[in-house]
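**Student:** Predicted model and sequence below, questions to follow.
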Amino acid sequence: MERTKVRTATTTAVVLLLGALLTLTGLTWDVQWHEDVGPDTFFTLPHLFLYAGSAVSGIASLTAVLMTTAARRAGHAPDPTVGGVPVGVFGRTFTAPLGYLVAGSGAALFLLYGLWDQWWHGIYGFDAVIDSPPHVGLLLSIAMTLVGSVVVFGAARDQPWGRTGVFVSLAVLAGFSTIIAVAFQDVSDTVDSMHVAMAFLVLLTLFTGAGFVRKGGIAVAIGLALVQALSWWFSPWATRLYADSVGLPMRDYISGVPTMPALMPMTLIIVALLTYPVIGLAARWAPLVAGALAGALVVTAQAFQDGVVYDVPAPAVGDLLPTILAAAVLGLLAGHLGARFGQMLRLAAGDRPEGV
Amino acid sequence: MGKGIAAALVLVLLLVGSPAQADGAPVGQDTAVAQTLGGRELTVTLRRTDGAPAPLQVDVITHVGSPPGTLRLAATPAGESPTSTATINLRTGSTTAYLRVDRYGPWELELSDGTTSARIPFAVAERVSPAWERTVYGGFVAAGLFLLLSLLLATRSSKLALIPAAALVAALATATTAALLSSTIPPKSTQDRPRPPVNLAVEATATELVLTVTDSVTGRPVDDLQVHHGALIHLAIVSARGTLTHVHPVRTAPGDYRVQFAPTDPGRHTMAAEFTRLGGGQQQVRAQVDIAGEQRQPPTPAKGTVTTTPLRAGDPATLTVDFTGPDDLQPWLGMRGHLILTDDTQAVWAHVHAMATTAAAQPDETVAAYPAEVGFTFTFPHPGRYRAWFQAERGYEILTIAATFDVAP
C-alpha cells in the first residue's frame, strides 16, 4: 500500500472509532444521568454525545465509501484493506467497502430511530425506560456501527493499527452490549435473563476476538476492563459535574454505583485466561466447550459481583442453577458463533470472501 | 478527511463550551391546596397528569379535629358538566381518589361534603415542542435519510452521491446549530402582566365569613388567584382577646370565597388575607368585621417553648420555637413552620415562614421528618408590644403556640 493511501485509510478508521468512543461515553453518562438526576430532554449533553458520535461515524463511513467510489471511477482497483472487501449488492452492480457500509448504515438508522423515539416520548412522557422499543432500535443501530468498525479494522489486519483497532472496537462493542442486555430483564423470573443475555453478548465479542487471533480473547477482556475502569470513574463524575452546572439536584436515593459499568463482568480476564487452553485444542468441539464453560463462569461471578457492588446477599447456589444452565447453553452458542465470526473477520480483507 | 476531524473537533469543543439546559421536561407539577371546607381543614393535592386523557390522582389530607365523613369529588372542564366523579371516606391522614381528565386546558375540581362545596381551578398542560426542538430532530432525521441515500448512490459509483452527501452536512449543521443555540433562547414567558390590587369585602353570617374579591379597577369579580404557599387565600383572623384562626376559604364561584367560622369570643375580629394574582406578586389585604356570638372555650395551645435573640427595633431577630418531642414535624402548606405577628395597633401584620427546603418543589405533607425546633428570622420595624402565633404540623394536627414580645427601641 502506498503511504498516502495508508494515511487516508488510518484517518477514516480512526475517526470512525472516535465516533464509537463518543457514543459509548455519551451512553454510560446518559444512563447514569437518568439514574442519578432524571430529567430527560433531547438537549442534555450526554444525548448530544450520543448523536454526535453517530454523526461522526456516519460522516467517516460516507467519506470512505465516496473515496472508494471516486477511485473506481478513476479506474483504480478497489483496495480491500480499506474498510474490507467491496461487496456486491443487488446482483453485484454496487460495490462499497463492507465495514464502512455497515457502520454508515448503522449511523443512518440511529438518526432515523431518533424520530420514532421523539414520537414515543411524546406519547408516553419523558420518564424514559432503557428498554422501550425505539431505544432498543437506537441501541441496535449503535451496535451495527460498532460491528462495522470491527470489520474496518479487521480488513487492515496486516497493519499494527488494524489489529489494535480490532481489539479496541471489540472491547467497546463488549462494553456497549451490556446495555442491550437490560432489554431482556423481564424475560424470565427463574433465570436471570439480563445476566444471561449480557454473558452471551460479551462472550460473543470475546470469542470473535479469540477466533481472529488466538490471544485475541484475552485482549478483548483487557480492553473491556479498561472500558469498565474508565467509565466507572467517568460516568458518576460527569453526571455530578453536569447536574451542578445546570443547577439540578442529585436524587437523594442514589446508590453511588455506576449503573452501566456495574453491568460489565469484572471477571472476564480470568474467564479468558481459563478458556484460553481449551480454545487452543484442535478439536471441533473446543470453541463450544470453552463457550459453555465461560458462560457458566460469567453469570456465576456476576451474581457475586452484584452482591459486592450493591451490597446485597448473593443468591443461593440452588437458585443460581437455572441461570448457570441457560448461560452455559447460550455460551456454547457464543463460542460457536464467535469462532466463526473471528474466521470471517480474517477474510475481511480477502479478495474472495467465503462462498464467492 | 481532514475536514471530518476538524468538524468532529469543532463539534466537541462547542459541546463542552455550552452545556445544554435540561429544562422544561415534565409538564405541570403537583399542586397542593389547603381548603377549609365546612368544619374540616383539608389539604387537597392534585398530582401531575402526564398528557390527556389521563388519570388524575387527588390526595386529600384530613387534619386532626376534622370530623370523619364522605367527600365527593368531581373533575369538570371549565364551563361544562363533570366528566368524572369519585367519593372518598375521610379519616385523619391521607386518602386517595382517582379521577380522569380527558382534554387539555382549564379544569375545576369540585369538592363537596354535602352542604358546602369548593371549586379549585387547575390546568392540564399540553407539552408543546418549540420550533428549535423540531429543527434539531428534523435535522438529525434528515441527516440519517441523506446518509442512507448517499451510501446507496455511492455503492452504484454514481457521482450523484455527492448531492445527498452535501445535504447530509447541511442537515447536521442545521441540527447541531439549533441544538447548541437552543440554550441561549429564553423560554417562552408564561408570565402575564401584573394585575391591579383587589378590593376585599367581608361579611359575617351566622356560621360563615363570605369574602367578595373584586378588581379595584374594573370592579368585576377576581378569578385569577393562583395557588400560593399551598392555598388560594390564606386568611388569618385575630379576635379582640387575641385568639388566632388560620384558615383557607374555599372558592364557590368567581370572586366568591367562603369559610366556616365560629368565633370563640364575640366582638371585633381583624383579619389579613394573603394571595397572589396571575402575573402579580403577593398581596395582603386587611379587613375587620364585628361578629356576634357566645363566649366559647378557645382551642388549647400546643406544648412548647419560645426563645429569642435580643429584640431591638430595626435589628434582625431569631425567634425559635421548640414544639418538643421527636423530630417528626410535617410541612404544612409547604413550610416547616408559620409565624403570624401583629403589633398592638395592628399597623404591623406579618406572616413569616420557616422554609422546609430550598428546592422549588413543595415538600410532601406526609413526610414527618422535620426537626421539632423551628427558627424564624424577623426584623421588628418599631418598638412596642407584639403578639405572635407559631404554627406547625405533627401527626396531621395543626399546633399553635401564642407568645407576646416586648421590643426595645
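**Tutor:** Arrived safely. Numbering: from 1, shown residues only, chains lettered A, B, ... in the order given.

**Student:** Tell me what B:D256 is bridged to.
**Tutor:** B:T212, B:A253 (DSSP bridges).

**Student:** Report how many residues lie close to whatever residue of chain B ends up closest to chain A.
**Tutor:** Residue of chain B nearest chain A, by CB to the nearest CB: B:G144 (2.9 Å). The way it works is simple: take the backbone N, C-alpha and C, and place the C-beta from them, glycine included. Neighbours of B:G144 under the rule other CB atoms under 10 Å in any protein chain shown: 26.

**Student:** So what does it have for phi and psi?
**Tutor:** When read as degrees, to the nearest 10, the backbone of B:G144 gives phi -60, psi -50.

**Student:** list the contacts for A:T25?
**Tutor:** A:T25 is in contact with A:49, A:53, A:231, A:234, counting by CB atoms under 8 Å, 6 or more residues apart in numbering or on different chains.

**Student:** Now, those that are in helices?
**Tutor:** Among the contacts of A:T25, the ones falling in helices (DSSP state H) are A:49, A:53, A:231, A:234.

**Student:** Per-residue pLDDT of the first one, please?
**Tutor:** This means A:F49. You'll see A:F49 listed with a pLDDT of 89.

**Student:** coming back round to it: now a PyMOL select for only the buried ones of the contacts of A:T25.
**Tutor:** PyMOL command restricting these to the buried ones, with burial defined by 16 or more other CB atoms under 10 Å in any protein chain shown:
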select buried, chain A and resi 49+53+231+234
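
**Student:** okay if I get the contacts of A:T25 as TSV plus distance to chain B?
**Tutor:** Shown next, in TSV, are the contacts of A:T25 (distance: CB to the nearest CB, whole Å):
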residue	distance to chain B
A:F49	7
A:G53	10
A:S231	18
A:F234	14
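
**Student:** Tell me the one among the contacts of A:T25 nearest to B:T135.
**Tutor:** Minimum distance to B:T135 across these is 19.5 Å, recorded for A:F49 (CB to CB).

**Student:** and the gap between the residue of chain B closest to chain A and B:S150?
**Tutor:** Using CB to CB, to the nearest Å, B:G144 is found at 11 Å from B:S150.

**Student:** how about the one residue in chain A that gets nearest to chain B, what does it touch?
**Tutor:** At 2.9 Å from chain B, A:L111 is the closest residue in chain A, using CB to the nearest CB. The contact partners of A:L111, taken as CB under 8 Å, 6+ apart, are A:51, A:54-55, A:58, B:140-141, B:143-145, B:147.

**Student:** at 6 Å what do you get?
**Tutor:** B:140, B:143-144 (CB atoms under 6 Å, 6 or more residues apart in numbering or on different chains).

**Student:** again, but for A:Q302
**Tutor:** A:195, A:265.

**Student:** Could you do B:V259 as well?
**Tutor:** Residues in contact with B:V259 (CB under 6 Å, 6+ apart) are B:36, B:209, B:247, B:249.

**Student:** Surely it is within a strand?
**Tutor:** Yes - assessed with DSSP: H, G, I helix; E, B strand; the rest coil, B:V259 lies in a strand.

**Student:** Can you report how many residues lie near the residue nearest to it when sequence neighbours are not counted?
**Tutor:** Using CB to CB, 6 or more residues apart in numbering or on different chains and skipping residues adjacent in sequence, the residue nearest B:V259 is B:P249, 4.0 Å away. Counted with other CB under 10 Å, the neighbours of B:P249 add up to 29.

**Student:** gap between B:P249 and B:I398?
**Tutor:** For B:P249 relative to B:I398 (CB to CB), the value is 16 Å.

**Student:** Let's see the pLDDT reported for A:R340.
**Tutor:** On the pLDDT scale, A:R340 is placed at 92.

**Student:** Secondary structure element for it, which one?
**Tutor:** Assigned by DSSP states H and E, A:R340 falls within helix A:317-346.

**Student:** Flag every buried residue along that helix.
**Tutor:** For helix A:317-346, burial by neighbour count (16+ other CB under 10 Å) applies to A:320, A:323-339, A:341-342, A:344-345.

**Student:** same question, stretch B:111-125
**Tutor:** Judged by neighbour count (16+ other CB under 10 Å), stretch B:111-125 contains these buried residues: B:111-113, B:116-122, B:124-125.

**Student:** Closest one to B:G337 out of those residues, please.
**Tutor:** Proximity of the buried residues of stretch B:111-125 to B:G337 (CB to CB) peaks at B:I120, which lies at 25.0 Å.

**Student:** Just to check, A:V136 is in contact with A:A181?
**Tutor:** No - if you go by CB atoms under 6 Å, A:V136 and A:A181 don't touch, sitting 11.4 Å apart.

**Student:** so what's in contact with those two at the same time?
**Tutor:** Taking CB under 6 Å, 6+ apart as the contact criterion, A:V136 and A:A181 have no common neighbours.

**Student:** what stretches of chain A score poorly on pLDDT?
**Tutor:** Scanning chain A for pLDDT under 70 picks out A:1-6, A:39-42, A:87-95, A:125-128, A:350-356.
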